[in-house]
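Undergrad: this is a predicted model, with the sequence first.
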Amino acid sequence: MRPIVTTASEPTGVQGPVYLDASAWVKLYVREAHSDTLNRALLGRKDLFVSDLGATEVASALGRACRDRRLDRVQA
């Protein structure tokens, strides 16, 4: 699965590494409120961090999105 990618029109100005919690991480795969804003803020960054537990939470959220028909199994 690939994240939804948008193009950035201007740099975000956020310095240093960025931690993504599960709710932010899911926004990269499931279009939700503020997904586009998050995508623009993260575009091109190579200093993103997530927790091991976050991977489990994201898998659960993607499964739920499939059950709710907001995402199909091919996308997930």
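TA: Perfect, thanks for sending it.

Undergrad: list the contacts for Leu20?
TA: Leu20 is in contact with 28, 48-50, 54, counting by Cβ atoms under 8 Å, 6 or more residues apart in numbering. In this view, the C-beta of every residue, glycine as well, is placed from N, C-alpha and C.

Undergrad: so for the residue positioned nearest the centre of the chain, what's the pLDDT?
TA: What sits nearest the mean C-alpha location of the chain, by Cα atoms, centre = their mean, is Leu28, with 2.4 Å. In this model, Leu28 is scored at 89, pLDDT.

Undergrad: coming back round to it: just the buried members of the contacts of Leu20?
TA: For the contacts of Leu20, a burial check counting by 16 or more other Cβ atoms under 10 Å picks out 28, 50, 54.

Undergrad: ranges for the helices of this protein?
TA: Residue ranges of the helices in the chain, as given by DSSP state H, are 22-27, 35-42, 52-67.

Undergrad: buried residues of the first one, list them for me.
TA: Right, the one you point to is helix 22-27. The neighbour-count check on helix 22-27 (16+ other Cβ under 10 Å) flags 22, 24-27 as buried.
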